[in-house]
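Novice: Output the structure for:
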Amino acid sequence: MKLTPREMLERLVAFDTVSHKSNLDLIAFVEDYLAEHGVETRRVYNDDGDKAALHAVIGPKVDGGVVLSAHTDVVPVAGQNWDTDPFRLTEKDGRLYGRGSADMKGFAATVLAHVPHFLASDLKQPIHIALSYDEEVGCLGAPRMIEDMISSGPRPATAIVGEPSLMKTVTGHKGVTVLKTRIKGFPVHSSKLDQGVSAISVAARLISWLDGKTAENKAKASPDCLFDPPYTTLHSGMISGGSAHNITAEHCEFVTDIRTLPEETCEDWHARYKNFITTEVLPAMRAVSPDCQVNIDVAANVPALKPEQNGAAEQFVRSITGDNSENAVVFATEGGQFQAASISTVVCGPGSILQAHQANEYIEITEIEKCSRFLMKLAGRLA
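Specialist: Presented below is the predicted three-dimensional model:
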């Protein structure tokens, strides 16, 4: 079976792989497609067995070569006002509409459509295809997949994560950690406020501390930084707690995401936050009641992609695209996870991130064409 990139994208978009659902039907389709072309694949399941990553090697089974990486999950469409069926690819005015068309089934489809060309290219170095799950909920599926790729061999030298970048070479992105803070206070009638501990008031103090750190980071930001905003941000986007207006809240929880510059680490910010709670917040709470608690759960932790000095992936991609512009993005990708495994990595893929997660998501047909030309040249370089 040979499919054009558009035909392959139509197939992939038709699979409803919103992150809270299984992606196994899509994985089975890709497995069958690759098997028809004689390409062996490996599945790497999640703990529940209802999702899987897939990776394959085309060309000689030797160390080196390049990973072409994409995630299979997409964000929800619920509550969005779509003009077309989000899970049916629709072409209009040079654009292909559908959930995941830009983020990032467009790249996956173009890569898969070029498998016959890869096989016919007499490759001297391998092309690794890597499809992950649960990227949209914290890049949860890639680490296990990368570990399996390396342990099963051969070991890739470079990786291209095909997130939408208008086919520009992106050498850095911020890291992100998602923290859930759970507070247990001491409930009393609000007329006796001094004898209780309001979990909501504690949450407000912690959120103010987080906001204050963002303000401090902004004040000392370097004007030469490529990122926008050019500093680490600490943002609390969800909160719930309390049971009545006249009871000091016994419980409150909120969720924070911290997006770090590459030279900083999520672990360091987590430690600073925990130290503030331990030294400045908990003692006063427990002076009222020893049962008071503040617990932090790490829901996601994605390392930044750090610009590499004379990075092999950067040089390789720039030699194909001719793009010498400096580009960094503030959204996280699986690129930092490949890099953490000592694989030189860049982000480069078709489409615009401005379309990601939006109603009526689309990718320009010209972007697919640019990606196709890129992959043809890539195969030529490895042949």
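
Novice: From here on, just use CA atoms for contacts and neighbour counts.
Specialist: OK.

Novice: separation between the closest residue to residue 83 other than its chain neighbours and residue 350?
Specialist: Nearest residue to residue 83, sequence neighbours excluded (CA to CA, 6 or more residues apart in numbering): residue 360, at 6.6 Å. According to CA to CA, to the nearest Å, residue 360 stands 17 Å off from residue 350.

Novice: More neighbours: which of the two?
Specialist: Using other CA atoms under 10 Å, the more surrounded residue of residue 360 and residue 350 is residue 350, with 30 against 21.

Novice: Now do the contacts for residue 156.
Specialist: For residue 156, the contact set (CA atoms under 8 Å, 6 or more residues apart in numbering) comprises 63-67, 126, 128, 150, 343.

Novice: with these in mind, which one is nearest to residue 239?
Specialist: residue 343 (38.0 Å; CA to CA).

Novice: which residues touch that closest one?
Specialist: 156-159.

Novice: Just to be sure, which of those are found in strands?
Specialist: 158-159 (DSSP state E).

Novice: What residues of stretch 84-96 count as buried?
Specialist: Residues of stretch 84-96 classed as buried by neighbour count (16 or more other CA atoms under 10 Å): 86-89, 95-96.

Novice: Go through those residues and flag which are in helices.
Specialist: Judged by DSSP state H, the subset of the buried residues of stretch 84-96 located in helices is empty.

Novice: Distance check, residue 67 against residue 158.
Specialist: Applying CA to CA, the value for residue 67 to residue 158 is 6 Å.

Novice: Break down the stretch 1-150 of the chain into its helices, ranges please.
Specialist: For the stretch 1-150 of the chain, the helices defined by DSSP state H, counting those that start in this stretch cover 5-13, 24-36, 105-113, 115-119, 142-152.

Novice: In CSV: those helices, plus mean neighbour count.
Specialist: Output for the helices of the stretch 1-150 of the chain, formatted as CSV (neighbours: other CA atoms under 10 Å):
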stretch, mean neighbour count
helix 5-13, 22
helix 24-36, 17
helix 105-113, 26
helix 115-119, 18
helix 142-152, 17
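
Novice: in this protein, what secondary structure element scores lowest on mean pLDDT?
Specialist: strand 328-329 (a mean of 92; mean pLDDT, DSSP states H and E).

Novice: quick one: strands adjacent to it?
Specialist: Sheet neighbours of strand 328-329, with direction, are listed as strand 172-173 (parallel) (DSSP bridges).

Novice: picking that back up, farthest-separated two in the buried residues of stretch 84-96?
Specialist: Farthest apart among the buried residues of stretch 84-96 by CA to CA are 87 and 95. That separation is 15.0 Å.

Novice: Find the residue at the geometric middle of the protein.
Specialist: residue 333 (3.6 Å; CA atoms, centre = their mean).

Novice: In this structure it contacts residue 137, no?
Specialist: No: counting by CA atoms under 8 Å, residue 333 sits too far from residue 137 to count as a contact (11.1 Å).

Novice: does residue 85 really touch residue 98, like I thought?
Specialist: Yes: Residue 85 lies in contact with residue 98 (CA under 8 Å); the separation is 7.3 Å.

Novice: Which residues lie in contact with the residue nearest to residue 83 in this structure?
Specialist: Contacts for residue 360 (CA under 8 Å, 6+ apart) come out as 81-84, 86, 97-99.

Novice: still on that earlier bit, how many neighbours does the residue lying closest to the residue nearest to the centre of the chain once chain neighbours are set aside have?
Specialist: Spatial nearest neighbour of residue 333, excluding adjacent residues (CA to CA, 6+ apart): residue 139 at 7.1 Å. A count of neighbours around residue 139, defined by other CA under 10 Å, yields 23.

Novice: What's the separation between residue 139 and residue 47?
Specialist: In this view, residue 139 and residue 47 are 15 Å apart by CA to CA.

Novice: Going by neighbour count, which residues of the lengthiest helix in the chain are buried?
Specialist: For the chain, the longest helix by residue count, based on DSSP H, is helix 199-219. For helix 199-219, burial by neighbour count (16+ other CA under 10 Å) applies to 199-200, 202-203, 206-207, 210-211, 213-215, 217.

Novice: nearest to residue 122, of those residues?
Specialist: residue 217 (51.2 Å).

Novice: Excluding chain neighbours, what is closest to the closest one?
Specialist: Nearest to residue 217 is residue 231, by CA to CA, 6+ apart, at 5.7 Å.

Novice: Settle this for me: that neighbour is touching residue 262, isn't it.
Specialist: No: contact criterion CA under 8 Å: residue 231 and residue 262 do not qualify, at 10.0 Å.
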